[in-house]
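> Got a sequence here, can you model it:
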Amino acid sequence: MPASPSLFPAPQLRTLALVGPAAAGKTLLAEAMLQAAGAIGAAGSLERGSTVSDHDPLEVKTGHSLQSAVMHLEHGGCRVHFIDTPGAPDFVGQSLPALEAVETAAIVISAAAGIEPMARRMMQYAAERELDRMVIVNKIDADADLPGLLAQIQEAFGKECLPLNLPDAGATQVVDCFYNKAGHSDFGAVADAHRALVEQVVEVDGDFVERYLNDGDIDASELHAPLEQALREGHLIPVCFVSARTGAGVPELLDVIARLLPNPTEGNPPDFLNGEGADAEMMHATPDPAAHVLGHVFKISIDPYVGKLGYVRVHQGTISPGTQLYVGDGRKPFKVGHLYFQQGKNHMEVPSAGPGDLCAIGKIDELHFDAVLHDAAEDDHIHLKPLPFPEPVHGIAISPQRRGDEQRMWEIVGKLVAEDPCLKLEHVAQTNETIVYGLGELHLRILLERLRDVYKFEVETHPPRIAYRETITQNAAAQYRHKKQSGGAGQFGEVHLRIEPLPRGTGFEFVDQVKGGTIPGQFMPAVEKGVREALAEGVIAGYPVQDVRVIVHDGKHHAVDSKEIAFVTAGKKAFQIAIREARPVVLEPIARIQITAPEHAMGAITGDLSSRRGMVSGTDSGSLGTLTVSGQAPIAELADYQSRLNAMTAGQGSYALALSHYEVVPPTVQQDLMSGYKVRDED
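You can find the predicted model right below:
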């Protein structure tokens, strides 16, 4: 195990998350930073699978980050904790939690690709969490219009995006613009960029504005306090230029992080809530190592060989081996065993972690994502403001290849779901299926590969069945006599019943109106059981029947031959006959859908929704040129919707579903469902 790193107080800590689109070069930038700081001897390779952050076999196989990775380095008298995050939209469940653990969100943009949807999305998330933000333009060695790209950044994210350094000598190096005001860059005179920075920073402090107006310039070394204020308020979003491949700008980026980015005492503290619901009160942690402990579990990793590892951002107090901590409102504390700093997959044992540190605690079963750790029982109702995760709505039904492995499948998939807040596992009773939901096809494909490659567990998959229902549209009546005689005691039961439609969503009512004992009371539960069996099995298309009232009003019995089984059969058959006379219909689930996408795609989206038998009910304006469309659509028409939405929005769209109600299917759909049921019935 590597030697324990030295400990740093909060003012000498920096934390940032590298976020942004896939292929922007975040992982190689992390390697370049580690190498430039002397934390590793040589930068790893994506092709060889030797990078610090992409250490998972599936990441090596796919060549892309699939999980967030925590690393650290030391530079300029500071420790820098930073997190490399996946860039694919399907893995935003790994990217978003990283924002909870840091003071600064560094949005990484490829100079070759420009501003991609994920860059806009992460900038918006970071702004909503009131984090300090910066833009890192990577791959400046590519053949790209860098001045044009800076103009695009300012147009997309605001004029407050100003360069702290600029490419120079044909993008083979960078020149500082904050402390330095002399010389030239590939963009022109450095003095112009320096002046813009100083003017932007001094605007937040009236005294500095007056000095600037009187003196014409201010030494940048005096601007630390207003700079941090400008960063906290989003009045300045620094832009830095680098090439992870050539190393240009990487040492300068480390200088910016150490000298200019906020430490845990300077950034905007996260919003903790004390209490539940409307009574919850906002509170902020104090980055005091002597205070009682408040930490937040921002990542869970479960390795089949190592076990569960909880990644914790310490916001207040000090955690050491032997510290007793509570998990949320848990009444029983656990004792911290080993405490680690992570360098990718490598654990570096440390004697303590204080405010601003990102540490890891192992082998504690009670740890879970988003848990708040504390050492005082009175803090048991403290939690963080929830993150705005997209709802996992892309589902696939899974079953074990070997019968009897259902419980093991639940345990293994449950571990994978615990690692990713955008995965969901549930058993749907109506269709008797186990369904795992994710954010898209890639998300679920990686889950299945992890099941197979890491846990050596094979499953069979198929699209989830639609939970159709059946109901009736008019009153009907029927009777059925069940009579069986085969020597000795026979079976006899006769049931007369009426059925009536109920309002949509009411369910089922069973009414006993038998008079004169024509069906003895002890047999009425059997009649109801038979009716419920028919309800569950369906009558015309094999789907459960709902919204119907059954009134049993007459019947016959035999003193010797009447038995429960006879009335179960008679009740079931009478109900099935009555339903066929009551103009039965098939109902389909209708979902409420909210689609968020760029304004320019709204015409295509509303047209596509209409073609899927959907209906738009309203639109709302969002930030950064987005709109949210609200509407309804049949769930059966939305099976491949994520792929369609990606095609219409170039991957910039997202949507959320929730069950709204049931409606009658079109006649052609009902005919297809009934025909398919007849074929299954005959088989």
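
> only C-alpha atoms for contact and neighbour calcs from this point on.
OK.

> Is residue 386 in a helix, a strand, or coil?
coil (DSSP: H, G, I helix; E, B strand; the rest coil).

> Model confidence for it, exactly?
Among the per-residue scores, residue 386 holds a pLDDT of 87.

> Next up, phi/psi of it, please.
In this entry, residue 386 is assigned phi and psi values of phi -60, psi 150 (degrees, to the nearest 10).

> Quick check: the gap between it and residue 303.
With the distance defined as C-alpha to C-alpha, to the nearest Å, residue 386 ends up 26 Å from residue 303.

> Pick out whichever of those two has more residues nearby.
Neighbour count, other C-alpha atoms under 10 Å: between residue 386 and residue 303, residue 303 has more, with 13 against 10.

> and that one, bridged to which residues?
According to DSSP bridges, the residues that bridge with residue 303 are residue 307.

> for residue 500, same thing?
Assessed by DSSP bridges, residue 500 has beta-bridge partners residue 549.

> Let me know whether it touches residue 549 as I believe.
Yes. Counting by C-alpha atoms under 8 Å, a contact exists between residue 500 and residue 549, whose distance comes to 5.1 Å.

> what touches both of these two?
Counting by C-alpha atoms under 8 Å, 6 or more residues apart in numbering, residue 500 and residue 549 have no common neighbour.

> quick one: residue 55 and residue 533, what's the gap?
In terms of C-alpha to C-alpha, residue 55 sits 53 Å off from residue 533.

> Are we agreed that residue 81 is in a helix?
No. Residue 81 is assigned strand when assessed by three-state DSSP, not a helix.

> what's the helix or strand for the nearest residue to it once chain neighbours are set aside?
Of all residues beyond its chain neighbours, the one nearest residue 81 is residue 72 (4.4 Å), with distances taken as C-alpha to C-alpha, 6 or more residues apart in numbering. Take DSSP states H and E as the rule and residue 72 turns out to sit in strand 69-75.

> Direction included, what does that strand pair against?
Pairing partners of strand 69-75, with direction, according to DSSP bridges: strand 78-84 (antiparallel).

> just the strands in the stretch 501-650 of the chain please.
Along the stretch 501-650 of the chain, the stretches classed as strands by DSSP state E, counting those that start in this stretch are 508-512, 548-556, 585-598, 615-621, 626-634.

> Compile those into a markdown table and extend it with columns for mean pLDDT.
Formatted as a markdown table, the strands of the stretch 501-650 of the chain follow (pLDDT from 0 to 100):
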| stretch | mean pLDDT |
| --- | --- |
| strand 508-512 | 95 |
| strand 548-556 | 96 |
| strand 585-598 | 88 |
| strand 615-621 | 87 |
| strand 626-634 | 88 |
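
> Give me whichever of the ones you listed is most buried.
Looking across the strands of the stretch 501-650 of the chain with neighbours counted as mean count of other C-alpha atoms under 10 Å, the highest average goes to strand 585-598: a mean of 22.

> ok now the strand holding residue 72, how far from the chain's centre?
Between the mean C-alpha location of strand 69-75 and the chain-wide mean there is a distance of 25 Å, by C-alpha atoms, centre = their mean, to the nearest Å.

> next one: stretch 83-90
Using C-alpha atoms, centre = their mean, the offset of stretch 83-90 from its chain centre is 12 Å.

> Show me which residues of that stretch are buried.
Applying a neighbour-count criterion of 16 or more other C-alpha atoms under 10 Å, the buried positions in stretch 83-90 are 83, 84, 85, 86, 87, 88, 89, 90.

> CSV please, covering these and showing pLDDT.
Shown next, in CSV, are those (pLDDT from 0 to 100):
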residue, pLDDT
83, 97
84, 96
85, 96
86, 94
87, 91
88, 87
89, 83
90, 85
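
> From those residues, pick the one nearest residue 342.
residue 83 (10.3 Å; C-alpha to C-alpha).

> so who does the closest one touch?
Residue 83 is in contact with 16, 17, 18, 68, 69, 70, 71, 98, counting by C-alpha under 8 Å, 6+ apart.

> Tell me the most packed of the residues you listed, by neighbour count.
Of the contacts of residue 83, residue 17 is surrounded by the most neighbours, 29 neighbours in total, counting by other C-alpha under 10 Å.

> just checking, that one touches residue 104?
Yes. Checked against C-alpha under 8 Å, the pair residue 17 and residue 104 is within contact range at 6.6 Å.

> What are the buried residues along stretch 456-469?
By 16+ other C-alpha under 10 Å, the buried positions in stretch 456-469 come out as 457, 458, 459, 464, 467, 468, 469.

> Residue 408 versus the second one, what's the distance?
The reference is to residue 458. 11 Å.

> cool, residue 563 as well?
As judged by C-alpha to C-alpha, residue 563 and residue 408 stand 42 Å apart.

> ok, now residue 145?
Separation of residue 145 from residue 408 (C-alpha to C-alpha) stands at 54 Å.

> Now residue 566. Nearest residue, chain neighbours left out?
Leaving aside its sequence neighbours, residue 566 is closest to residue 493 (5.1 Å, by C-alpha to C-alpha, 6+ apart).

> typed the wrong thing, it's residue 400
Closest to residue 400 by C-alpha to C-alpha, 6+ apart is residue 459, at 4.4 Å.

> Next, the contact list for the one you found, please.
Residue 459 sits in contact with 398, 399, 400, 401, 448, where contact means C-alpha under 8 Å, 6+ apart.
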